[in-house]
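Q: I would like the atomic coordinates for the input below:
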Amino acid sequence: MSSDSLVKVKPLEVTPGLKESVYLAIKEAISRMDIYSGEEPPKLDERKLATDLGVSRTPIREAITRLEQEGLVKTFPRRGAFVVRKTKEEILEIVCVWAGLEGMAARLAVENASDEELSSMRRMFATFDDSHEARAHIDEYSATNISFHQRLIELSKCGLLKDIAESLFVHMRAIRRKTIGERDRATESIIDHMRIIRALEARDATMAEQLVREHAMHLAEHIKQYVDYLD
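A: From the prediction side, this is the model:
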């Protein structure tokens, strides 16, 4: 099993909001995982999580129950709790919904974000002067790519949109991370990002929304044609 497919958490301080802290820590750890590597979905080891977080198993179980209600975790009798993997059809639906949400986020960012905030999008890619640089440092570029999409949602400054997007982001992040190194997608990605950034800086809401939607649908097309490990 890849080290990226393990749930990695750090000890927590005991506070009145401990249950919430445990839940958020496990959810954040899941969001950083490579969910789609390995033959089986990643397993949540209650004992190890309790040890790593420095808490009893009770808040761990409560957090797992909450995550199961959200559809991120599935518990099987006598087997334990596993992170949910989506099917190819489900991932394609998630990408399509994400395209709509992120497209609206781009439009709202044009209307609501400051010039400095929009410029921060360009600075994310300062170390990737060209597609060769992105391919040569694919792990670093993958992290920047994910941060770009998170930042775009934040710059919409729409709390409800952000909350809805967060429910999809665990799987969007995982599938983007998994596919970014496939069939030269890093090159396509950096080209798309630069176009999106130019539209944002030009305050062209219609173009920014269109480019963001197209960027997401490029991912959907790649999944349709080349991704067979979701079947």
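Q: neighbours around residue 71, how many?
A: 12 (other C-beta atoms under 10 Å). Backbone N, C-alpha and C define where each C-beta goes, glycine included.
Q: now do the contacts for it.
A: Going by C-beta atoms under 8 Å, 6 or more residues apart in numbering, residue 71 touches residue 84.
Q: how about residue 68?
A: Applying C-beta under 8 Å, 6+ apart to residue 68 gives the contacts 74-75, 81.
Q: the same query, at a cut-off of 6 Å, please.
A: Neighbouring residues of residue 68 by C-beta atoms under 6 Å, 6 or more residues apart in numbering: residue 75.
Q: quick one, domains of this protein?
A: 3-83, 88-226 (automatic domain parsing).
Q: save the ones you listed as CSV, and put in mean pLDDT too.
A: Putting the domains of the chain into CSV (pLDDT from 0 to 100) gives the following:
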stretch, mean pLDDT
domain 3-83, 86
domain 88-226, 91
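Q: of the ones you listed, which stretch is the most buried?
A: Scoring the domains of the chain by mean neighbour count under mean count of other C-beta atoms under 10 Å gives domain 88-226 as the most buried, with a mean of 17.
Q: and it, how far from the chain's centre?
A: Mean C-alpha position of domain 88-226 versus that of the full chain (C-alpha atoms, centre = their mean, to the nearest Å) differs by 10 Å.
Q: what about it, how long is it end to end?
A: End-to-end span of domain 88-226 (C-alpha to C-alpha, to the nearest Å): 11 Å.
Q: element containing the residue nearest the centre of the chain, please.
A: Nearest to the geometric centre of the chain sits residue 173, at 2.4 Å (C-alpha atoms, centre = their mean). Assigned by DSSP states H and E, residue 173 belongs to helix 159-179.
Q: and what of residue 149?
A: Element membership for residue 149 (DSSP H and E) is helix 138-155.
Q: with residue 39 instead?
A: Of the helices and strands defined by DSSP H and E, none includes residue 39.
Q: and the strands in this structure?
A: 43-44, 73-76, 80-83 (DSSP state E).
Q: can I get those strands in a markdown table with distance to residue 154?
A: Formatted as a markdown table, these follow (distance: least, C-beta to C-beta, whole Å):
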| stretch | distance to residue 154 |
| --- | --- |
| strand 43-44 | 28 |
| strand 73-76 | 26 |
| strand 80-83 | 25 |
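Q: for residue 139, find the nearest of those strands.
A: Ranking the strands of the chain by proximity to residue 139 (C-beta to C-beta) places strand 80-83 first, at 20.8 Å.
Q: can you list the strands that the closest one pairs with?
A: strand 43-44 (antiparallel), strand 73-76 (antiparallel) (DSSP bridges).
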